[in-house]
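Undergrad: sequence? don't have it. structure:
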């Protein structure tokens, strides 16, 4: 069996990046009305000239940001980049869509679900897979973002084709976050940082009361209390552990098999309204948080 070294692995990655860069030449964007640019982008997309199509869609989104053309272009861009595994670019386009159109976005359901998929994919990226690194051992920032995105889908679009899958993914991501906590607890305990271990286990018990992972940490909790000579706390914890240790709660070691293939929404090829908003005086509030205007009062699935 061929031995894979770090040097050879990095060489493969470097070559892959170089080939990717050479395969994506810059196309000179022809001047024209937003309608003409949009039609050109659609035609390029239909003929599977994705690189050129993306450059036209990107130009539309940049030149005419508050327009139906831009909204649809951002949908195309997020979808195309996700499908080609450019998750960070896809996530940037979803954030741009959310920031510009928020609750008024006609394809907000699709955008939020795509953002969730992007965050999941970025959390378990190529390098981690290549070197066999468990993503649960690292930070949970991307997992938290994915849960937020899927949570919006479940809450505001409960009848959409993505709702059930989003719900299942939330359960899986919750399990991953709990698994991350177990690594931290063992780290503290093995270094005799018993107070830190106790605090984390108590937080797990409050946050994940119906996960077996939580009760697998109770022996560490009991031992930590005993090490600190907190006998009564150890006895109470033992009683709770005995009550739950044999209960089989659902486990989510992998995403439940209800995955829905990401589908590009049916977008019109001909647009009759330039401005995205019916009211020309609509003000878009600039925000450092693109999700500031996501939660709609009334939405249609």
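TA: Great, that's in hand. Here the structure is a predicted model, which is why all the values come from computation and not from measurement.
Undergrad: what about the stretch 101-250 of the chain, any weak spots by pLDDT?
TA: Applying pLDDT under 70 to the stretch 101-250 of the chain flags the ranges 125-139.
Undergrad: Could you pull out the strands in it for me?
TA: Using DSSP state E, counting those that start in this stretch, no strands are found in the stretch 101-250 of the chain.
Undergrad: In which helix or strand does the closest residue to residue 32 other than its chain neighbours reside?
TA: Of all residues not flanking residue 32 in the chain, residue 40 sits nearest, at 7.5 Å (Cβ to Cβ, 6 or more residues apart in numbering). All C-beta atoms are positioned from the backbone trio N, CA, C, and that covers glycine. In the assignment (DSSP states H and E), residue 40 maps to helix 34-46.
Undergrad: what's the longest helix in this structure?
TA: When the chain is parsed with DSSP state H, its longest helix is helix 163-190.
Undergrad: Stretch 64-77 - what's its average pLDDT?
TA: Taken as a whole, stretch 64-77 has a mean pLDDT of 93.
Undergrad: Show me how far that stretch is from its chain's centre.
TA: The chain centroid and the centroid of stretch 64-77 are separated by 21 Å under Cα atoms, centre = their mean, to the nearest Å.
Undergrad: what does stretch 49-66 give?
TA: Using Cα atoms, centre = their mean, the offset of stretch 49-66 from its chain centre is 23 Å.
Undergrad: same thing with stretch 78-86?
TA: For stretch 78-86 - counting by Cα atoms, centre = their mean - the centre lies 13 Å from the chain centre.
Undergrad: Report the buried residues of that stretch.
TA: Neighbour counts over stretch 78-86 (16 or more other Cβ atoms under 10 Å) mark 78, 79, 80, 81, 82, 86 as buried.
Undergrad: What of stretch 144-156?
TA: So for stretch 144-156, counting by 16+ other Cβ under 10 Å, buried means 145, 146, 147, 148, 149, 150, 151, 152, 153, 154, 156.
Undergrad: Tabulate these in JSON lines, adding columns for distance to residue 223.
TA: Converted to JSON lines, the buried residues of stretch 144-156 look like this (distance: Cβ to Cβ, whole Å):
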{"residue": "145", "distance to residue 223": "35"}
{"residue": "146", "distance to residue 223": "34"}
{"residue": "147", "distance to residue 223": "31"}
{"residue": "148", "distance to residue 223": "35"}
{"residue": "149", "distance to residue 223": "38"}
{"residue": "150", "distance to residue 223": "36"}
{"residue": "151", "distance to residue 223": "36"}
{"residue": "152", "distance to residue 223": "41"}
{"residue": "153", "distance to residue 223": "41"}
{"residue": "154", "distance to residue 223": "38"}
{"residue": "156", "distance to residue 223": "44"}
